[in-house]
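**Student:** Build the 3D model from these lines:
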Amino acid sequence: MVHIHLRKEAGNPYIQQIYRQIRGMILDGGLPAGEKLPSTRELALNLNISRNTVIEAYEMLIAEGYLASVPGSGIYVAEGAACPAVPETMAEYRLTAFASQPLAADTICFHSGTPALELFPRYKWGRLALQIMNEAPLTALGYDYPQGRPELRQTLAAYLQKTRGIRCDPQQILVTTGAKQALTLVAKCLLGPDREAWLEDPTNRNVRQIFGYHTARLLPVPVDGQGIVTARLPAGGRPAFIFVTPSHQFPLGGILPVQRRLELVRFARTAGCYLVEDDYDSEFRFRSLPVSSLQELAPDRVIYAGTFSKTLFPSLRLGYLVLPLPLVEQFREWKRLGDHHSNSLNQLTLTRFIESGQLERHIARMRKVYQKRRDVLLDCLAGAFGEGVAVHGGAAGMHIVAEFAGVEFTPDLLERLEQSGVGAVPVEAHAAIPGRHRSQLILGYAHLSEAELREGINRLRKALAASG
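**Tutor:** Prediction:
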């Protein structure tokens, strides 16, 4: 027997309601195979609706294989259409969230990596984007170059030579949808279950997770105030690559001296491995010009990863790799299989933004803003904690690391900080080997106003005093 209940206020046409209810009864076994359904005339009379409505609903079910029409006999439930649902509840699963709980709206969040979005020149960018939309070749509206638009790669090659000392052919550049995709491509192309990757420790936990999906053989190499400790590289090891952030180690902020850089290069050439250089925020150096890239010393051994998320805005979703020539074809093919190409119109807009000099002007402006915000943060820390706090990595970037004497940032303490209106991540969260950085807190400042910085440190001071 078919029992259908139609509701005028349901928001769905009667055709859809009849279709969904009969389909549901068939899927869960309420209407078994071979069961004869009422004729369209009979069902229309029972429901007090137009017969055409029932005809259309039946035709949808017949077309999808739920019903079968037997000429001269009637309409029957088709064989093999039942699929009883397996009961499940969300309580059966533990879904990993991006954060344990959403932060309160008035929380001052010291998370690192977010630029001062309120200062991005949106009008200038929007004007260029409109021009590009009107002028772009038709190829930019279709399935485009997996490696990236040639205009952007040409412009990037010139820009990187000017600003980072990187000499490369545009063919060596692969445009990505940010640093995460760039490093995912590195993992896909170079790692496997039996291959090792060596990483700085601590390093960005997202990086460790990306590589960890492709191999369980991740070897942490300790860092000190100058970056990765090359004396701790295992002699005779043969990793697929060594991941480093030599221009501004994340998160501790060290700048790798040339002696260690050359040791890395010698090791890579002896071991036949690559060096993956993540140059995530080198543009923002306050005491001098940005330091040279590792790639400049060994273009045959270094895979250089860059992003515009920090210099412009994260939702742009554009980054790039500079690859040794033997790797280009393999990386390009993986990029094609992954998402075919990054947003072409954004690529062309970025090309115009760089060529017009606006990128360099924007970076120069942000460097001054970030230096001022860093100085405010340092003054606030000194005023609030005096000699009880030591600062690491203040010469460059968009964050510092503050080390508090006698404090351990346990989960309970971090929760109390959040309850006090302060959001921050400890260095320990990025460490592969726990226990070495319990008193260190990462304080991002680029996205916070001077007033927010002062209030945030005041809240931090009160929260730590109350917990002591």
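
**Student:** what helix or strand is K372 on?
**Tutor:** helix 358-385 (DSSP states H and E).

**Student:** CA atoms only for the next helix or strand after that helix, dumped as CSV, please.
**Tutor:** Remark: after helix 358-385, the chain's next helix or strand is strand 389-392, criterion DSSP H and E. Provided in CSV are the C-alpha atoms of strand 389-392 (Å, rounded to 0.1, in the frame of the first residue of the first chain):
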residue,chain,number,x,y,z
VAL,A,389,60.3,37.7,29.0
ALA,A,390,62.8,37.1,26.2
VAL,A,391,62.0,37.8,22.6
HIS,A,392,63.2,35.7,19.6
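
**Student:** Phi first, then psi, for A197.
**Tutor:** Main-chain dihedrals, A197, degrees, to the nearest 10: phi -130, psi 130.

**Student:** List the contacts of stretch 369-382.
**Tutor:** 116, 119, 284, 286, 389, 391, 394, 398, 400, 402, 443, 445-446, 448-450, 453-454, 457-458 (C-beta atoms under 8 Å, 6 or more residues apart in numbering). For every residue, glycine as well, the C-beta is placed using N, CA and C.

**Student:** about what we covered before: same question for the helix holding K372: list its buried residues.
**Tutor:** 359, 362-363, 366-367, 370-371, 373-374, 376-378, 380-381, 384-385 (16 or more other C-beta atoms under 10 Å).

**Student:** now swap in stretch 121-131 and tell me
**Tutor:** Result for stretch 121-131 [16+ other C-beta under 10 Å]: buried residues 125, 128-129.

**Student:** Pull up the gap between R361 and P137, please.
**Tutor:** Using C-beta to C-beta, to the nearest Å, R361 is found at 28 Å from P137.

**Student:** And for C189?
**Tutor:** Using C-beta to C-beta, C189 is found at 30 Å from P137.

**Student:** Which of the two has more residues huddled nearby?
**Tutor:** Neighbour tally, C189 and P137, criterion other C-beta atoms under 10 Å: the higher count belongs to C189, 18 against 12.

**Student:** low-confidence ranges in this structure?
**Tutor:** The chain contains residues with pLDDT under 70 at 1, 10, 86-101, 288-289, 468.

**Student:** Centroid-wise, who is the farthest residue in it?
**Tutor:** Of all residues in the chain, G72 has its C-alpha farthest from the mean position, at 60.9 Å, by C-alpha atoms, centre = their mean.

**Student:** What residues does that one make contact with?
**Tutor:** Neighbouring residues of G72 by C-beta under 8 Å, 6+ apart: there are none.

**Student:** residue ranges for the strands of the stretch 251-400 of the chain, please.
**Tutor:** Using DSSP state E, counting those that start in this stretch, the strands assigned to the stretch 251-400 of the chain run over residues 274-278, 302-307, 319-322, 389-392, 399-404.

**Student:** Dump the ones you listed to JSON lines, plus distance to E200 and mean neighbour count.
**Tutor:** As requested, the strands of the stretch 251-400 of the chain are exported to JSON lines (distance: least, C-beta to C-beta, whole Å; neighbours: other C-beta atoms under 10 Å):
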{"stretch": "strand 274-278", "distance to E200": "10", "mean neighbour count": "26"}
{"stretch": "strand 302-307", "distance to E200": "14", "mean neighbour count": "26"}
{"stretch": "strand 319-322", "distance to E200": "19", "mean neighbour count": "24"}
{"stretch": "strand 389-392", "distance to E200": "14", "mean neighbour count": "17"}
{"stretch": "strand 399-404", "distance to E200": "14", "mean neighbour count": "23"}
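
**Student:** Save these as JSON lines, and put in distance to F267 too.
**Tutor:** Converted to JSON lines, those look like this (distance: least, C-beta to C-beta, whole Å):
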{"stretch": "strand 274-278", "distance to F267": "9"}
{"stretch": "strand 302-307", "distance to F267": "12"}
{"stretch": "strand 319-322", "distance to F267": "20"}
{"stretch": "strand 389-392", "distance to F267": "26"}
{"stretch": "strand 399-404", "distance to F267": "27"}
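
**Student:** Which one of the ones you listed lies nearest to Q181?
**Tutor:** strand 319-322 (7.0 Å; C-beta to C-beta).

**Student:** That closest one pairs with which strands, and in what direction?
**Tutor:** Using DSSP bridges, the strands paired with strand 319-322 are strand 173-176 (antiparallel), strand 302-307 (antiparallel).

**Student:** Just the element for the residue nearest in space to the middle of the chain, please.
**Tutor:** Central residue of the chain (C-alpha atoms, centre = their mean): K180, 5.3 Å from the mean position. Here K180, judged by DSSP H and E, is contained in helix 179-190.

**Student:** just checking, what packs against that helix?
**Tutor:** On a contact count with 3 or more C-beta pairs under 8 Å, 6 or more residues apart in numbering; DSSP states H and E, helix 179-190 meets strand 173-176, helix 205-212, strand 274-278, strand 302-307, strand 319-322, helix 328-339.

**Student:** let's see it at 7 Å
**Tutor:** Counting contacts by 3 or more C-beta pairs under 7 Å, 6 or more residues apart in numbering; DSSP states H and E, helix 179-190 packs against helix 205-212, strand 274-278, strand 302-307, strand 319-322, helix 328-339.

**Student:** how far away is I166 from S293?
**Tutor:** As judged by C-beta to C-beta, I166 and S293 stand 6 Å apart.

**Student:** where do the contact lists of the two overlap?
**Tutor:** Common neighbours of I166 and S293 (criterion: C-beta atoms under 7 Å, 6 or more residues apart in numbering): Y304.

**Student:** and the angle for the helix holding K372 with strand 399-404?
**Tutor:** Put simply, helix 358-385 runs at 10 degrees to strand 399-404, going by axes from the mean of the first three to the mean of the last three C-alpha atoms, to 10 degrees.

**Student:** can I assume A463 is in contact with V422?
**Tutor:** Yes. At 6.2 Å, A463 and V422 qualify as touching, with contact defined as C-beta atoms under 7 Å.

**Student:** Looking at those two, which has the bigger crowd around it?
**Tutor:** When A463 and V422 are compared on other C-beta under 10 Å, the one with more neighbours turns out to be V422, at 26 against 18.

**Student:** Surely that one is in contact with G456?
**Tutor:** Yes. Contact status for V422 versus G456: in contact at 6.0 Å, counting by C-beta under 7 Å.

**Student:** which residues do these two both contact?
**Tutor:** Contacts common to V422 and G456, judged by C-beta under 7 Å, 6+ apart, are I108.

**Student:** Neighbours of the closest residue to R285 other than its chain neighbours, how many?
**Tutor:** What sits nearest to R285 in space, not counting adjacent residues and going by C-beta to C-beta, 6 or more residues apart in numbering, is A396, at 4.1 Å. When counting by other C-beta under 10 Å, one arrives at 25 neighbours for A396.

**Student:** Settle this for me: A396 is touching F286, isn't it.
**Tutor:** Yes. In terms of C-beta under 7 Å, A396 counts as a neighbour of F286; the distance is 6.3 Å.

**Student:** Which of the three states applies to the closest residue to Y14 other than its chain neighbours?
**Tutor:** Excluding the flanking residues, the one nearest Y14 by C-beta to C-beta, 6+ apart is T53, at 5.1 Å. Following DSSP: H, G, I helix; E, B strand; the rest coil, T53 is assigned to helix.
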